[in-house]
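for reference, the sequence and a predicted model appear below.
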Amino acid sequence: MYSRVGLRAPIHCTAVGKVLAADLPSPAQERLLSRLDYQRFTDRTLVSASALASELELVATQGHAEDHEEHESFINCVGAPIRDGTGRAVAALSVSVPTLSLDHAGVLALLPQVRSAAAAVSRDLGWAPT
């Protein structure tokens, strides 16, 4: 797997990147989308600002992001935001699993645990959802 602590990853094709970008205010998000290099990593990679904008709208609505073999062809990932006391997403928590171990549906089944863990960390940071 590509992921290692401290290693940078593309915003447009990772669950963590999408979670963080989806929480940006509209002007900042628009600037970000216009500056990204939409490198294709797999056949599923989002390769345009409009495609990513649509995905970020979905992420903001559902409260989590997916990477369905978008960055690596054999990895599925789900991620959720970690919020500070103001409610701003300051980090993200994700789980990535090789398809040989668990298919996309199986990774999506882990979403409740991912969301719960992210919410617990967020509460420790002072977030109190209404």
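Received the coordinates, thanks. Residues are numbered from 1 along each chain as shown.

for the most centrally placed residue in the chain, give me its contacts.
Centroid-nearest residue in the chain, with CA atoms, centre = their mean: residue 15, separated by 2.3 Å. Taking CB atoms under 8 Å, 6 or more residues apart in numbering, we find residue 15 in contact with 64-67, 77-79, 92, 94, 96. Every C-beta, even on glycine, is put in place using the N, C-alpha and C of the backbone.

the closest residue to it other than its chain neighbours: how many residues sit nearby?
The shortest distance from residue 15 to any non-neighbouring residue, by CB to CB, 6 or more residues apart in numbering, is to residue 79 (3.3 Å). As a burial measure, residue 79 scores 26 neighbours (other CB atoms under 10 Å).

also the one 10 residues further on?
The tally of other residues near residue 89 (other CB under 10 Å) stands at 20.

list phi and psi for residue 69.
Here is the backbone geometry of residue 69 (degrees, to the nearest 10): phi 60, psi 40.

the closest residue to it other than its chain neighbours is in what secondary structure piece?
Nearest residue to residue 69, sequence neighbours excluded (CB to CB, 6+ apart): residue 44, at 5.1 Å. Using DSSP states H and E, residue 44 sits within no helix or strand.
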